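Trainee: Next come a sequence and a model predicted from it.
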Amino acid sequence: MRASNIEDDIRKIVTADPRYHYEAYVFVQEALKHTQRALGRHKAGQTHVGGKELLDGIRLYAIKSFGPMVPTMLEAWGIHSCEDFGEIVFNMIKYQVANKSESDSRDDFKGGYNFDDAFRKPFLPSKVLAAKEKKDAAKMSVGD
């Protein structure tokens, strides 16, 4: 990563690819730093985080930062799936706001997690959650 003004670089990314809001990039950058610290990879030369690790870090950081508002925030920023996080990361790599290893790929972000399970379910009241799980189990047994 080169030394530069990250805010200006993110503005350039958003101008080139307006699918995601400026705040989405800032959030992913912050989530990356949070994940690096959580994994003990915040020292120079030891900062790499793989796609699956980053997805988990993004999930945890989002819940910590926004609580039950996570789905609303992500949707407002144009993020609807884990693949969107991958697109943001690879745009950041393209503009040298983030680095990648030879093994990193957009595919690392495919099929990460279901947003309802990751961001809504943790905040459902236990009775609602139990009823939802019972309904889901009934659907599965009917489909067998």
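Mentor: Perfect, thanks for sending it.
Trainee: make it CA atoms for all contacts and neighbour counts henceforth
Mentor: Will do.
Trainee: Tell me the pLDDT of residue 1.
Mentor: Per-residue pLDDT puts residue 1 at 44.
Trainee: The one 3 residues further on now?
Mentor: On the pLDDT scale, residue 4 is placed at 61.
Trainee: burial of residue 64, as a residue count?
Mentor: Look at residue 64: counted by other CA atoms under 10 Å, it has 11 neighbours.
Trainee: distance of it from residue 123?
Mentor: 12 Å (CA to CA, to the nearest Å).
Trainee: How is the most centrally placed residue in the chain assigned, secondary-structure-wise?
Mentor: By CA atoms, centre = their mean, the chain has its centre lying nearest to residue 58, at 4.2 Å. When classified by DSSP: H, G, I helix; E, B strand; the rest coil, residue 58 comes out as helix.
Trainee: Residues touching the helix or strand bottoming out on mean pLDDT in the chain, excluding its own?
Mentor: Counting by mean pLDDT, DSSP states H and E, the chain has its least confident helix or strand at helix 126-143, which shows a mean of 71. Residues outside helix 126-143 that contact it (CA atoms under 8 Å, 6 or more residues apart in numbering): residue 121.
Trainee: Might you calculate how far it sits from the centre of the chain?
Mentor: When distances are taken as CA atoms, centre = their mean, to the nearest Å, helix 126-143 is centred 27 Å away from the chain's centroid.
Trainee: How far off centre is stretch 39-56?
Mentor: 14 Å.
Trainee: Please identify the buried residues of that stretch?
Mentor: Using 16 or more other CA atoms under 10 Å as the test for burial, stretch 39-56 gives 41, 42, 47, 48, 49, 51, 52, 53, 54, 55, 56.
Trainee: Output these as CSV; include the columns distance to residue 23.
Mentor: Putting those into CSV (distance: CA to CA, whole Å) gives the following:
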residue, distance to residue 23
41, 24
42, 23
47, 23
48, 23
49, 21
51, 20
52, 22
53, 21
54, 17
55, 17
56, 19
